[in-house]
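>>> sharing a sequence plus its predicted fold:
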Amino acid sequence: MDRLRDATAEPPPGPFRAGWWKSPVRGPWLTSYFGSILLVGIPVMFLTGLVSYASYNPRLAGNDTTPGKGILGFYLFSWVTNPSWIYRVSQGTHVILGLTLVPIVLAKLWSVIPKLFEWPGVRSVAHSLERLSLMLIVGGAIFEFATGIADVEYYYPWKFDFYQAHLYGAWVFIVGFVVHVCLKLPTMWRSLQRYSLREIFSTPLARTRPEPGDGHGLVASHPLPPTISRRGVLGLVGGSAAAVFLLTAGGTVRVLRPLALLSPRARSRGTGPHPEANDFEVNRVFAATGIPVFATGDSWRLVLSGPRTVSLSRPELMAMPLATEVLPIACVEGWSTVQTWTGVRLLDLARLAGVDHAVDVEVESLEKPGQPFRSATLASNQAGDPQTLLALCVNGEDISLDHGYPARMIVPAAPGVHCTKWVSELRFLT
Amino acid sequence: MRPATPGTGQRPRSWFRRLYGAGPAHAVLMTAGFAFAGYLLTRILGASHPGWLLLWFVGAIVLHDLIFLPLYSALDRVLTSGRRGEVSAPQGPTWVNHVRVPAVISGVLLLVTFPLVLRLSDHAYATASGLHESVYLMRWLLVTAGLFAVSAVLYVVRRARWRRRAQ
């Protein structure tokens, strides 16, 4: 028993000893500064993520990517169609902000790493629970950022379903986040009072001193001489965030497009017989669908199933009253592109099928059953929006096979995968 | 809320605080947090491939805290070893941060784009976009070269200004 007590009194060598940590800039102020940025950034990430889930209208048949969500769907609401740019902005924010916050998350984790090795590791029930709760926030943060980055770059070194994992991971993260904020907000506020930003930015390397220690276990007991000032650290982290932003945001923000060298998308190539009109980002090329080319030719018919069943050829659709709308395709991966679409209003097609009021519509594509997003169910407010088109042309020319020829849906404010391509049938759910 | 801290009491410590290590509000928060986390675990166990999910969750912590962070800290220690003291000494600005800053920015860019840069997902990328990931390695290298070049120019300028002032 005495031996055991001796063992706990003296920390094991290495990172468990206070002298191991040498950074002269690590301390409560720095941690709190990064924390205060994440205190704003993480809730924005969480809310835009919840909005993204709602935008799929998961209550409608076939739309739910996470059917086992249970009470986590408590907030779901019918997704809007107006303003048409709403999903473009919220999802663009989710992805671009997520990438931009990476250096800040890394810096925050770096600043608190001595706490992982604090000794003794178990002090009381409360202390142990607190440390356990940190697993939720740290694991949740790294998991969410890693899976999000991997998804927008089509990299899946796992077998779980991204949609489910990213949703559940987000809730685990936010539980840890809320607990952590409740515990640490006063500490953060107090620590921020140590220096003003003006002081930080007017202190060069030569006058950079370690923060006074105060029992947080962050300030090194035997720091090395500084090699970077605190303003230098902020510049390094902020500069990294700015670099990520500038080089990736062009996938969504048009003016930054020339700089978007490292955006996964923000590049395109014209396809089909009218390449200039069809020169914008594709999601899922025709060749990958397994749809035989002849199925999109003269024999193609659009079937409308409602009180009446109607079958229409492409020339018959082109002869109907056509509407032109400028609307975005906005992907869950954050990129978006605004184009000028021409086609038949879904409302007009509904009338042909004998439907005179707004109803939910199931949109089927030519793709084989089992392909992800081969069909989508549109809510009645989406189907009833006068801007919702069965698009036949884009920028004045026929849409190309890669963009959904013979016809595709364009739904204002809907996520891109709900703008079904290669449409074969519209079922009006009366 | 007051976090669990040992022996901060000017007030006499209640039996609860003695036993638990913090006040009742702390206990309520922890109970609520872990109860909800427990519910989330039931959702996760019902998801597809929960083993992979949990492995990634725990693996992510291990990978970051015990491999990635020590690795970049060690690299930084190598970069700055022997330069400490010199950096703020009368020899003027040293090159340390002129290597550190472009290296960190380039590293962060690689961290958020490595599947593209290393072409780890080229098939899925081509299936989605009709394009290939082959451009990204060169782009990242060019950005990295640009960052180091700008940093080197700034270093030369800073040295020259410092020398002029010293004379």
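Looks like it came in fine. Numbers count the residues shown, from 1 in each chain, chains lettered A, B, ... in the order given.
>>> where in chain B is pLDDT low?
Applying pLDDT under 70 to chain B flags the ranges B:1-12, B:82-90.
>>> which helix is the longest one in it?
Determined from DSSP state H, the single longest helix within chain B is helix B:135-166.
>>> packing partners of that helix?
Here helix B:135-166 is seen to pack against helix A:230-248, helix B:96-117 when contacts are counted using 3 or more CB pairs under 8 Å, 6 or more residues apart in numbering or on different chains; DSSP states H and E. Backbone N, C-alpha and C define where each C-beta goes, glycine included.
>>> kindly recompute the last result at 6 Å.
helix B:96-117 (3 or more CB pairs under 6 Å, 6 or more residues apart in numbering or on different chains; DSSP states H and E).
>>> mind listing what's buried along the helix it packs on?
For helix B:96-117, a neighbour-count test (16 or more other CB atoms under 10 Å in any protein chain shown) marks B:96-106, B:108-117 as buried.
>>> look at the residue most central in space within chain B and give its secondary structure.
The C-alpha lying nearest the average C-alpha coordinate of chain B belongs to residue B:69 (CA atoms, centre = their mean; 6.9 Å). Assigned with DSSP: H, G, I helix; E, B strand; the rest coil, residue B:69 falls in the helix class.
>>> got a list of what it touches?
Listed by CB atoms under 6 Å, 6 or more residues apart in numbering or on different chains, the contact partners of residue B:69 are residue A:113.
>>> neighbours of residue 30, how many?
Defaulting to chain A. Neighbourhood size, residue A:30 [other CB atoms under 10 Å in any protein chain shown]: 27.
>>> ah, I was thinking of chain B
Neighbours of residue B:30 (other CB under 10 Å): 23.
>>> how about the residues of the stretch 1-150 of chain A near chain B?
A:68, A:70, A:99, A:102-103, A:113, A:116, A:123-127, A:129-130, A:133, A:136, A:138-139, A:142-143, A:146, A:149 (CB under 6 Å from any CB of the partner chain).
>>> from the residues you listed, which ones fall inside helices?
Checking the residues of the stretch 1-150 of chain A next to chain B against DSSP H, those in helices are A:99, A:102-103, A:113, A:116, A:125-127, A:129-130, A:133, A:136, A:138-139, A:142-143, A:146, A:149.
>>> can you pull the residues of the stretch 201-350 of chain A lying near chain B?
So far as CB under 6 Å from any CB goes, the stretch 201-350 of chain A lies against chain B at A:205-206, A:224-225, A:227-228, A:236, A:240, A:243-244, A:261-262, A:282-285, A:288.
>>> list only buried entries from those.
A:205, A:225, A:227-228, A:236, A:240, A:243-244, A:261-262, A:282-285, A:288.
>>> residues in contact with whichever residue of chain B sits closest to chain A?
Chain B approaches chain A most closely through residue B:21 (2.5 Å), counting by CB to the nearest CB. Counting by CB under 6 Å, 6+ apart, residue B:21 touches A:124-127, B:4.
>>> now the buried members of those residues.
Buried among the contacts of residue B:21 by 16+ other CB under 10 Å: A:124-127, B:4.
>>> now the longest helix along chain A: buried residues?
Longest helix in chain A, counting residues (DSSP H): helix A:162-192. Residues of helix A:162-192 classed as buried: A:163-184, A:187-188, A:191-192 (neighbour count, 16+ other CB under 10 Å).
>>> packing partners for that helix?
helix A:28-55, helix A:125-152, helix B:24-45.
>>> of all those helices, which one is nearest residue A:210?
helix A:28-55 (10.6 Å; CB to CB).
>>> gap between that closest one and the chain center?
A distance of 13 Å separates the centroid of the chain from that of helix A:28-55, by CA atoms, centre = their mean, to the nearest Å.
>>> who does it touch, helix- and strand-wise?
helix A:86-111, helix A:162-192.
>>> and the residue of chain A nearest chain B?
For chain A, CB to the nearest CB, closest residue to chain B: residue A:124, 2.5 Å.
>>> if I look at the residue nearest to that residue when sequence neighbours are not counted, how far off is residue A:190?
Spatial nearest neighbour of residue A:124, excluding adjacent residues (CB to CB, 6 or more residues apart in numbering or on different chains): residue B:21 at 2.5 Å. Applying CB to CB, to the nearest Å, the value for residue B:21 to residue A:190 is 21 Å.
>>> ok, residue A:354 - contacts?
Residue A:354 touches A:306-308, counting by CB under 6 Å, 6+ apart.
>>> and if you look at residue A:312?
Here residue A:312 is in contact with residue A:302 (CB under 6 Å, 6+ apart).
>>> hmm, 10 Å instead?
Contacts of residue A:312 were listed using CB atoms under 10 Å, 6 or more residues apart in numbering or on different chains, and they are A:300-304, A:318-320, A:344, A:349, A:352, A:390, A:407.
>>> now do the same end-to-end measure for stretch A:329-342.
14 Å (CA to CA, to the nearest Å).
>>> go through that stretch and flag the buried ones.
A:329-337, A:339, A:341-342.
>>> can you lay out those as JSON lines showing secondary structure?
Output for those, formatted as JSON lines (three-state DSSP):
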{"residue": "A:329", "secondary structure": "strand"}
{"residue": "A:330", "secondary structure": "strand"}
{"residue": "A:331", "secondary structure": "coil"}
{"residue": "A:332", "secondary structure": "coil"}
{"residue": "A:333", "secondary structure": "coil"}
{"residue": "A:334", "secondary structure": "coil"}
{"residue": "A:335", "secondary structure": "coil"}
{"residue": "A:336", "secondary structure": "strand"}
{"residue": "A:337", "secondary structure": "strand"}
{"residue": "A:339", "secondary structure": "strand"}
{"residue": "A:341", "secondary structure": "strand"}
{"residue": "A:342", "secondary structure": "strand"}
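>>> could I get the residues you listed as JSON lines with pLDDT?
Formatted as JSON lines, the buried residues of stretch A:329-342 follow (pLDDT from 0 to 100):
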{"residue": "A:329", "pLDDT": "96"}
{"residue": "A:330", "pLDDT": "96"}
{"residue": "A:331", "pLDDT": "96"}
{"residue": "A:332", "pLDDT": "95"}
{"residue": "A:333", "pLDDT": "95"}
{"residue": "A:334", "pLDDT": "95"}
{"residue": "A:335", "pLDDT": "96"}
{"residue": "A:336", "pLDDT": "96"}
{"residue": "A:337", "pLDDT": "96"}
{"residue": "A:339", "pLDDT": "97"}
{"residue": "A:341", "pLDDT": "98"}
{"residue": "A:342", "pLDDT": "98"}
